[in-house]
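[1] I'd like to go over a predicted model; first the sequence, then the structure.
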Amino acid sequence: LHRKRSAITDILRDLHIHKKVRKKAAQYELSFDTDFDGVVSSCHRQHGEAWLYPPIVNSLRAIHGQGQGSGGGSGPRETPSVKRRNGGSGPAASESSTSSSSQSPTARSSAGGGRVTLHSIELRRADTKELVAGELGCLVGNYTSLTGFFDSKSPGSGSVQMAALGAYLSNEGLAQMWDIGMDIEYKRGLGARNLSRTEFVRTFRHLRDESSQTGARLLTILFPTAAGGVTGIRDLGLAIQSRVRPGPPTGFCLDGGFLEEVRDHAYYYYRTGEMEAEYTTMLTTVYESANIKQNCTVAILQAVLLKLEQTAPLDHEQYLRMIEHYMDTSLAYLDEVDSITTSDVDSWPIAAGIERLIEIERRSVRTRDLTVDMILNYCQSIDWRNMTQPMKWLRSPVLTPHWSIVNIHVYLVQQPHCDQHAVTTILRLLAGLDFRSVHVEKYFTGGPNREEQSAYFHHIAKYYHSLGDWLLFMHPDSDEHQGDDFIALSRALKLIHRGSEFAQDTLGVYPLSQQFIFRPKRVRAEPFRWAWHRIWGTEFPGEWEDTLSFYEAGQYIVRRDFVHVHPLPFWERLRTDTELNDGRFSGDIEAMWHVVFNQPVDMVWRESEHTLPLCLRVGVPVSFYEDVV
């Protein structure tokens, strides 16, 4: 046994499949137990004979043959292609098998007890069917990799094979800790870490000795019949637990198409945090289908858990009402005999969804009052495009309930063309609004045509050591960019208003506008490049011209620590740079505003940002624009 062993210690939690791997996966197909000798020969070709010398190979071949010949074989079934599994939908699905058994791998694993079976895993090019990667592994209840290979002429094929296999093992419950042998860099990219021999053996024995705590078994652990537990999801968990009956999977749910794809997406989300836009549409279809509601209760339950996750961090009372509502409506068929079986719960990530809600409930408890500094500048109600900016959004019914946590700072541009009665105008606009504090200030830093960024720089430099927990960068015409219903902003404020640990941990740099810009022409123009050099002191890299992306107008809510990534002198320099603060560069600074707060140049749109909680990305409108100057 190695002194150090590479393993993914919790495959459901730690397996990471990089986007590059998922893109490459479309080129390949994964299969099981179709070419044992081909895998062995390829291992010999890459590694030499090593420990796979003829007597060992003969013994492994005999074990492999016994496993494939038995009527209740305990090996994984063939998956038709990698593309659907790892190309964006999620882990491998339990589709129609080409192997000898129709039992689920989880059921076979349990039935097989301690019997050892050996398996070959093959990855082939989808076009030529050429074998380009694979491995040998054994199954004794759970799976362990023994040895493998990849073809150097097909770069990335080894990562695709391991990622696809890992997704399959996770989905089918065939591994808790995935032992993958020697430490290699690409394995670390999948989520593996090195364990000392002592730690590995201790973890191995612990997993060997404990009963599998997945699916229906985990529900019993999460929701014992004794009093106590978590308020809210506990009631739903107990209701599910009391209605689950032993039995095979519900046939209607095994449609080989839509419902299994819904399940795969759910597994993928709980493992990676990524939820593709198409999945939210699929969930709506599930939730609104009377046929699915009646015939595949577990799918409805999965949709309900994801809907609850969108509400849990924002409004506890509404969250509790939703649980009660779902019990009376969407989950009404739970009361029918055999509407949901242990196999249903085992084959869908129901337990993962409930565990996540328990964690969100725990972290959403109020810890302290949190505050927001809202910053905007004001010149006059008629802008340079001759458009009126009455700022009626300040009285929006979705925003006013949260003004009590907001310190509003209005910076007045003192120029001849501006409203000479601006103070009176602003105070009249703010009259009767319940802001935490109101600050109306004349300021003179920046150029004569200064716009929003000059006020932002001024505020950060002035209050650097006493900023609120978040900074809210707004425009007088914020409704033009965010929409009249302010979905993104209202949800962010609602989350902060709860004063929870969850808010502090999950809300970092959050865009509020609806317009997402990619491949903008402005990055090729001289003003943008001048502004970039002025801020960073370096030239804008040419390779970033096609990758820079951003939300229009630079309206964000930003946690204080992202402002403090730069020291005070950085902000003082920007505050006093008269040329940079000239209005001509406003749009250019907006295009790099997220970079100022240490965000990647190639920003992704909200719905694809897996670090955000669901409540801040699902259902928030976005429009895409290309080549905007």
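    Good, I have the coordinates.
[2] What is the neighbour count of the nearest residue to L139 once chain neighbours are set aside?
    Nearest non-adjacent residue to L139, counting by CB to CB, 6 or more residues apart in numbering: T117, 4.9 Å away. Any C-beta I mention is one placed from the backbone N, CA and C, and that applies to glycine too. Using other CB atoms under 10 Å, T117 has 23 other residues around it.
[3] hang on, K494 packs against Q310?
    No: taking CB atoms under 8 Å as the definition, K494 is not a contact partner of Q310, at 11.8 Å.
[4] what about L471, is that helix, strand or coil?
    Recorded secondary structure, L471: strand (DSSP: H, G, I helix; E, B strand; the rest coil).
[5] show me what contacts it?
    In this structure, L471 makes contact with 372-373, 375, 459-460, 557-558, 560, 563, judged by CB atoms under 8 Å, 6 or more residues apart in numbering.
[6] how about the helices in the stretch 251-400 of the chain?
    Assigned by DSSP state H, counting those that start in this stretch, the stretch 251-400 of the chain shows helices spanning 258-272, 277-288, 290-295, 297-311, 316-328, 342-347, 350-363.
[7] in the fourth one, what counts as buried?
    Under the neighbour-count criterion of 16 or more other CB atoms under 10 Å, helix 297-311 has 297-311 buried.
[8] From these, pick the one nearest Q482.
    Set against Q482, the nearest of these by CB to CB is Q310 (19.3 Å).
[9] What's the separation between the closest one and L512?
    18 Å (CB to CB, to the nearest Å).
[10] again, but for K4
    Separation of K4 from L512 (CB to CB) stands at 47 Å.
[11] Let's test this: mean pLDDT of the strand or helix carrying L139, rounded?
    L139 is located in strand 131-140, with elements delineated by DSSP states H and E. For strand 131-140, mean pLDDT is 92.
[12] gap between that strand and the chain center?
    30 Å (CA atoms, centre = their mean, to the nearest Å).
[13] Report all helices and strands that it contacts.
    helix 36-47, strand 117-125, strand 142-150, helix 157-172 (3 or more CB pairs under 8 Å, 6 or more residues apart in numbering; DSSP states H and E).
[14] Adding distance to N581, write the ones you listed out as TSV.
    As requested, the helices and strands packed on strand 131-140 are exported to TSV (distance: least, CB to CB, whole Å):
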stretch	distance to N581
helix 36-47	60
strand 117-125	56
strand 142-150	54
helix 157-172	47
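[15] Out of those, which one sits most buried?
    helix 157-172 (a mean of 27; mean count of other CB atoms under 10 Å).
[16] what's downstream of that one, the next helix or strand?
    Taking DSSP H and E, what comes next after helix 157-172 is strand 178-179.
[17] Let me see the residues that make contact with the helix or strand that that following strand is followed by.
    Counting by DSSP H and E, the element after strand 178-179 in chain order, helix or strand, is helix 185-189. Helix 185-189 has contacts (CB under 8 Å, 6+ apart) with 6, 16, 18, 158-159, 162, 180.
[18] contacting residues around D338?
    Applying CB under 8 Å, 6+ apart, the residues near D338 are 245, 247, 250.
[19] Give me the neighbour count for H439.
    Neighbours around H439, by other CB under 10 Å: 15.
[20] Which residue of K4 and L512 possesses the greater neighbour count?
    Neighbour count, other CB under 10 Å: between K4 and L512, L512 has more, with 25 against 15.
[21] quick one: stretch 317-330 to chain centroid distance?
    So, by CA atoms, centre = their mean, the centroid of stretch 317-330 is 25 Å from its chain's centroid.
[22] By neighbour count, which bits of that stretch are buried? Give me those.
    Within stretch 317-330, the residues scored as buried using 16+ other CB under 10 Å are 319-320, 322-323, 326-327, 330.
[23] need the residues you listed in JSON lines with distance to A133 and pLDDT, can you?
    Compiled in JSON lines, the buried residues of stretch 317-330 are given as follows (distance: CB to CB, whole Å; pLDDT from 0 to 100):
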{"residue": "Y319", "distance to A133": "45", "pLDDT": "92"}
{"residue": "L320", "distance to A133": "50", "pLDDT": "89"}
{"residue": "M322", "distance to A133": "46", "pLDDT": "90"}
{"residue": "I323", "distance to A133": "46", "pLDDT": "87"}
{"residue": "Y326", "distance to A133": "44", "pLDDT": "85"}
{"residue": "M327", "distance to A133": "47", "pLDDT": "80"}
{"residue": "S330", "distance to A133": "43", "pLDDT": "78"}
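[24] What mean pLDDT does stretch 424-431 get?
    Computed over stretch 424-431, the mean pLDDT rounds to 91.
[25] Need the residues that contact that stretch.
    Applying CB under 8 Å, 6+ apart, the contact partners of stretch 424-431 are 378, 381, 391, 394, 408, 410, 412, 419, 438, 440.
[26] For Q504, state which of those is nearest.
    Of all the contacts of stretch 424-431, Q504 sits closest to I408, with 21.7 Å by CB to CB.
[27] What is the burial count for that closest one?
    Using other CB under 10 Å: I408 sits among 22 other residues.
[28] Then it would be within a helix, right?
    No: using three-state DSSP, the assignment for I408 is strand, not a helix.
[29] ok, it - contacts?
    Going by CB under 8 Å, 6+ apart, I408 touches 374, 430, 435, 437-439.
[30] and it, what are its bridge partners?
    Note on I408: beta-bridge partners M374, V438, judged by DSSP bridges.
[31] And the helices and strands packed on strand 131-140: which comes nearest R573?
    When the helices and strands packed on strand 131-140 are compared by CB to CB, helix 157-172 sits nearest R573, at 43.9 Å.
[32] Tell me the spacing between the residue nearest to L139 and S500.
    Counting by CB to CB, the gap from T117 to S500 is 48 Å.
[33] before we move on, what about G583?
    Distance, G583 to S500, by CB to CB: 39 Å.
[34] Adding distance to M275, write the contacts of stretch 424-431 out as CSV.
    Formatted as CSV, the contacts of stretch 424-431 follow (distance: CB to CB, whole Å):
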residue, distance to M275
Y378, 39
S381, 41
M391, 35
L394, 33
I408, 34
V410, 38
L412, 43
D419, 45
V438, 39
V440, 42
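[35] Switch the contacts of I408 over to a markdown table; also include distance to N194.
    Below are the contacts of I408 laid out as a markdown table (distance: CB to CB, whole Å):
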| residue | distance to N194 |
| --- | --- |
| M374 | 47 |
| L430 | 58 |
| F435 | 53 |
| S437 | 52 |
| V438 | 56 |
| H439 | 53 |
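[36] Scan those residues and report the most crowded one.
    M374 (25 neighbours).
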